[in-house]
Each structure stands twice: as C-alpha cells, then as structure tokens.
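My questions concern the predicted model and sequence given below.
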Amino acid sequence: MRVPFVSDSAPGEPTTECIFHPGSKEVLMQELPGFPQPMVNSLERNSPVRVGEAPGKGLGVFASRVIEAGELIFSERPLLVAAQWLPTSSLDQFEDILAVGVKQIGDEDKAAYMALMNSHLEDGSGPLTGIFRTNGLGIKGLRPDLKGVTAMCTGVCDTISRINHRRSGMSPRFRSIFAVRDLAADDELTHQYIPIDGSTAERNELLKPYDFVCTCRACKDPESDARRADLKQSNSKPASPSWLSDPPGSEALIFEECRRQVEIIEREGMESMSRYWDVLSAGMAVCVVMSDAQSASEWARKLMTIGWVDMNQEVMELFVDAQSPEYQAHPMWGARLKIGTGKSEEDVLKDVMKDMVAQFEALGVHCYSFD
Ligand SMILES: C[S@@+](CC[C@H](N)C(=O)[O-])C[C@H]1O[C@@H](n2cnc3c(N)ncnc32)[C@H](O)[C@@H]1O
C-alpha cells in the first residue's frame with residue numbers, strides 16, 4: 001500500500017518523497033500546521049556542523065563551533081520518508097516500494113541517498129532497503145491509532161543520517177537536531193540509535209543490525225548497568241498538587257529522589273530521556289511549594305535546555321531569574337508551608353485551585369467547576 005505525498009511547496013523548492021500508511025498525511029498536516037513551513041536554522045546557512053572522518057566508524061558529524069545545551073543545531077529536510085512496516089511487505093516488496101520513491105526524488109537527492117552507508121549487505125535486504133535500515137531515524141505519531149513499530153515512519157537524511165551512535169549528545173525531533181549538552185568545537189555529535197535505558201548487553205544486542213559493537217564510556221564502565229537498572233526501577237514522584245496531602249517532610253524525600261535521578265541521568269549521558277524532563281519538573285515543583293526561588297531557578301535553567309520537549313519555553317524562561325515576580329504569582333508558591341499553620345490541607349488545595357482558576361480567567365480561559 002503506497003501513499004506518495006509530495007508537499008505543495010513553492011515551485012523549484014526541494015520536496016521530500018513520503019511513502020505513508022493511509023491517514024498519516026492527514027495527521028502530519030494536523031500536527032505541523034503549515035507543513036512544510038520554511039525551515040529555520042537549515043544547513044545551507046552558516047552551518048554549525050561539518051561531516052568528516054570518525055575513526056573506526058566511517059564518517060561522522062562534528063561541531064564546527066561551540067554549541068550550547070538546548071540549542072537547535074540544525075534542521076534538515078529528509079531525502080525520503082517511508083512507513084517502516086507496510087502491510088504484507090517482505091524485504092523484496094519493500095525494495096520495490098522504495099524504488100518507486102527513490103525514482104521520484106531527483107538526481108541530487110538520489111545521489112545523496114545512494115552514497116549513504118549500508119550495513120545490511122548480507123541479510124537479504126536490497127540495496128535501497130539496506131541504506132534505509134542503516135540510516136533511518138524514527139518518526140513517531142503519524143498513525144496514533146497503530147501501536148509500536150507498526151506505527152513508525154522512518155526518515156533518511158543527507159547529514160542527520162551521518163551521525164554516529166553513542167550515549168546521547170543530541171536529540172532528534174522530526175527534522176531537527178537539538179544539543180542536550182554543551183559541545184566544544186570539533187566534538188562529535190552523536191545520538192542514540194536504540195533505547196538507552198537497558199544494560200550494556202541489551203543495548204549491544206539491539207545494535208546488532210548496525211553491525212558494530214559500541215565502545216562508549218557507558219559500555220566500558222562496569223558500574224553503568226547498576227545505575228541504569230536503578231533508574232529504570234525508581235519512579236519519579238508526580239509534581240501535582242495531589243501530594244499536598246502527603247505527611248510533612250515528604251517534600252524533602254521527593255526532592256532528594258529527583259536530585260538523585262538527575263545525577264544518574266547526567267552521569268550516564270541520558271539527558272534526552274523524557275524522564276529527565278519529568279524529574280526536573282518535579283524537583284522544581286518541590287522548590288516552588290517550599291518558596292525556594294533560588295533552587296527553583298537552577299532547575300528552571302536546566303529545563304530550558306530541553307528544547308526538543310514541546311513545553312512552553314517562554315514560560316520557563318520567566319523562572320530562570322530567582323528574583324522574578326512570577327514566583328510570588330505562582331499558584332503553588334509556598335503551598336506546602338501553609339499546611340500545619342492553621343489551614344487544613346483541604347483549604348490549602350482549595351486556595352491553590354482558586355488562584356489557578358483566577359490566573360486562567362485572567363488569560364481569557366474560562367474554567368468550569370465540577371464540585
Ligand atoms: C547511520 S550510519 C552513521 C554514519 C556512518 N558512520 C557513515 O559513514 O555514513 C550508521 C553506521 O555507522 C557506523 N557506526 C555508527 N556508530 C558507530 C559507533 N559508535 N562505532 C562504530 N561504528 C558506528 C555503523 O557501521 C552503523 O551501521
């Protein structure tokens with residue numbers, strides 16, 4: 001089943017050939033209003049990266065200047081996007097489907113596609129499928145009704161596909177690359193090809209299709225497995241007002257747990273995990289309910305570096321300055337301190353909700369009460 005989609009871009013503008021499941025095009029148009037909008041920070045202008053030799057790995061992508069954590073490094077139009085699993089497709093049928101797509105992408109894009117690495121020379125993959133499987137980046141969410149790998153699309157790019165695997169140095173969102181840590185000039189950009197919360201053995205098992213054994217710091221560190229297992233087992237406390245009813249002192253335990261998990265994530269280089277965002281937000285929430293703007297601002301600064309998570313960056317920016325009046329105006333400001341000072345927990349919660357409703361109403365958002 002093939003649904004080609006060539007964007008309605010201006011005449012002469014490059015396009016991406018997409019081979020989708022039925023329904024994906026509609027989701028894409030809905031999720032990315034105005035798609036394909038002109039890309040900001042695209043590679044043509046003042047590129048902050050260069051492609052070069054990465055010893056033992058073939059080619060790789062390197063920073064050509066200092067890049068700060070949270071920076072959008074570049075965006076790139078994929079050469080080709082295709083659904084990873086199409087109904088009834090065997091490797092041969094998949095090769096035929098890709099051939100139809102590749103035929104339509106223009107000579108320059110085709111040459112770029114064919115020049116990419118192929119690590120699937122001996123497993124029955126055809127040449128186009130081998131390149132697709134070696135270089136594709138997963139794009140989730142284009143078929144919310146399908147689950148797991150069946151729902152995934154894969155994009156193959158000219159430069160993004162040259163990025164080698166390692167514990168994460170950057171995080172890809174569709175077409176865009178963000179720095180999760182500060183990078184010095186000439187540092188190699190890397191991202192994780194596979195989920196990185198498993199053990200060294202599990203990770204290298206998943207890397208088998210790429211035909212190399214990872215030798216990054218975590219893979220060589222005998223203590224890394226225990227730290228990742230610890231992280232997998234521990235759940236971060238949700239940062240919602242529901243824990244206002246927890247016994248006094250529990251905020252210190254929650255805060256300590258958030259701090260501990262942040263330390264593991266940073267030490268293991270796993271900042272691209274959504275858990276990083278979860279524990280940073282929970283840690284910041286504890287500071288807010290305890291009226292500690294100084295500490296909250298440090299957590300806000302870290303949250304600002306997670307640019308690829310769709311959160312309201314402008315709102316977070318207001319909390320980076322510990323003196324910001326936004327703290328006093330926050331509906332949860334000091335909420336924990338009010339407990340035990342004559343007010344019942346229920347009353348504290350009611351006050352919090354009243355403040356929140358007032359703030360939403362001030363923004364023109366009408367709130368309905370269900371009690
Ligand atoms: C998406 S390509 C990356 C770009 C590739 N190095 C090139 O020259 O085009 C994936 C392939 O690069 C190689 N590779 C990626 N990360 C590696 C690593 N950490 N160590 C060794 N080889 C790696 C493997 O051959 C893998 O199948």
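Received the coordinates, thanks. On a predicted model such as this, the values are computed, not experimentally measured, just so you know.

Can you give me the separation between whatever residue of the stretch 1-150 of the chain ends up closest to the ligand and Val320?
Taking C-beta to the nearest ligand atom as the measure, the stretch 1-150 of the chain has Gly58 as its residue closest to the ligand, at 2.7 Å. Bear in mind the C-beta positions are built from the backbone N, C-alpha and C, glycine included. From Gly58 over to Val320 the distance is 40 Å, taken as C-beta to C-beta, to the nearest Å.

higher neighbour count, the two?
Between Gly58 and Val320, Val320 has the larger neighbour count (other C-beta atoms under 10 Å), namely 17 against 12.

Quick one: the strands in the stretch 51-200 of the chain, in order.
Assigned by DSSP state E, counting those that start in this stretch, the stretch 51-200 of the chain shows strands spanning 58-63, 72-75, 80-83, 137-139, 153-156, 164-165, 170-173, 176-179, 188-191.

So which of the ones you listed is the most surrounded?
Sort these by mean neighbour count, taking mean count of other C-beta atoms under 10 Å, and strand 80-83 sits at the top with a mean of 26.

Just give me how far that one sits from the chain centre.
Per C-alpha atoms, centre = their mean, to the nearest Å, the displacement of strand 80-83 from the mean C-alpha position of its chain is 19 Å.

Partner strands of that strand and their direction?
strand 17-20 (parallel), strand 153-156 (antiparallel) (DSSP bridges).

possible to save those strands as CSV with mean pLDDT and distance to Asp347?
Formatted as CSV, those follow (pLDDT from 0 to 100; distance: least, C-beta to C-beta, whole Å):
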stretch, mean pLDDT, distance to Asp347
strand 17-20, 84, 53
strand 153-156, 86, 50
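
Adding distance to Ala293, write these out as TSV.
As requested, the strands paired with strand 80-83 are exported to TSV (distance: least, C-beta to C-beta, whole Å):
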stretch	distance to Ala293
strand 17-20	47
strand 153-156	42
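
partner residues bridging the residue of the stretch 1-150 of the chain closest to the ligand?
Per DSSP bridges, the residues bridged to Gly58 are Ala54.

if we can go back for a sec, which one of the strands paired with strand 80-83 lies closest to Glu108?
Closest to Glu108 of the strands paired with strand 80-83 is strand 17-20 (C-beta to C-beta; 13.1 Å).

Go through whichever helix or strand comes after that closest one and flag the buried ones.
Going down the chain from strand 17-20, the next helix or strand is helix 24-31, by DSSP states H and E. Of the residues in helix 24-31, Ser24, Lys25, Val27, Leu28 count as buried by neighbour count, 16 or more other C-beta atoms under 10 Å.

Next one: the last one relative to Ala83, how far apart?
When C-beta to C-beta is applied, the distance between Leu28 and Ala83 equals 12 Å.

which residues in the stretch 251-371 of the chain form helices?
Counting by DSSP state H, counting those that start in this stretch, the stretch 251-371 of the chain has helices at residues 274-289, 293-304, 313-317, 326-329, 335-338, 345-362.

Ok, which of those comes nearest Pro195?
Of all these, helix 274-289 sits nearest to Pro195, with 11.5 Å by C-beta to C-beta.

Could you report the neighbour count for the nearest residue to Pro14 once chain neighbours are set aside?
In space, and not counting its chain neighbours, Pro14 is closest to Arg77: 6.1 Å by C-beta to C-beta, 6 or more residues apart in numbering. For Arg77, the neighbour count with other C-beta under 10 Å is 21.

ok, back up a step: I'd like a version of the strands paired with strand 80-83 in a markdown table, one that adds distance to the ligand as further columns.
Formatted as a markdown table, the strands paired with strand 80-83 follow (distance: least, C-beta to the nearest ligand atom, whole Å):
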| stretch | distance to the ligand |
| --- | --- |
| strand 17-20 | 19 |
| strand 153-156 | 9 |
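
Isn't Thr200 up against Ala218?
Yes: between Thr200 and Ala218 a contact is recorded at 7.1 Å, counting by C-beta atoms under 8 Å.

Overlap in contacts, these two.
Common neighbours of Thr200 and Ala218, using C-beta atoms under 8 Å, 6 or more residues apart in numbering, are Ser224.

residues from the chain in reach of the ligand?
Residues of the chain lying close to the ligand by C-beta under 6 Å from any ligand atom are 56-60, 116-117, 119, 134-135, 161-162, 164-166, 210-212, 214.

Narrow those to just the buried residues.
Buried positions within these, assessed by neighbour count (16+ other C-beta under 10 Å), are 57, 59-60, 116-117, 119, 134-135, 161-162, 164-166, 210, 214.

Show me which pair in those residues is furthest apart.
Across those, the longest distance by C-beta to C-beta is 20.1 Å; it joins Leu116 and Cys214.

got the domain boundaries for the protein?
Using automatic domain parsing, the domain parsing of the chain gives 3-39+50-210, 234-362.

what's the spacing between Glu256 and Leu189?
Taking C-beta to C-beta, one finds Glu256 at 34 Å from Leu189.

in stretch 110-122, what counts as buried?
Ala112, Tyr113, Leu116, Met117, Asn118, Ser119, His120.

check contacts around the second one.
Shown here is Tyr113, whose contacts under the criterion C-beta under 8 Å, 6+ apart are Leu79, Leu80, Val102, Ile105, Leu128, Ile131, Val156.

okay, the residues you listed in TSV with distance to Glu68 next?
As requested, the contacts of Tyr113 are exported to TSV (distance: C-beta to C-beta, whole Å):
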residue	distance to Glu68
Leu79	29
Leu80	32
Val102	37
Ile105	34
Leu128	38
Ile131	33
Val156	28
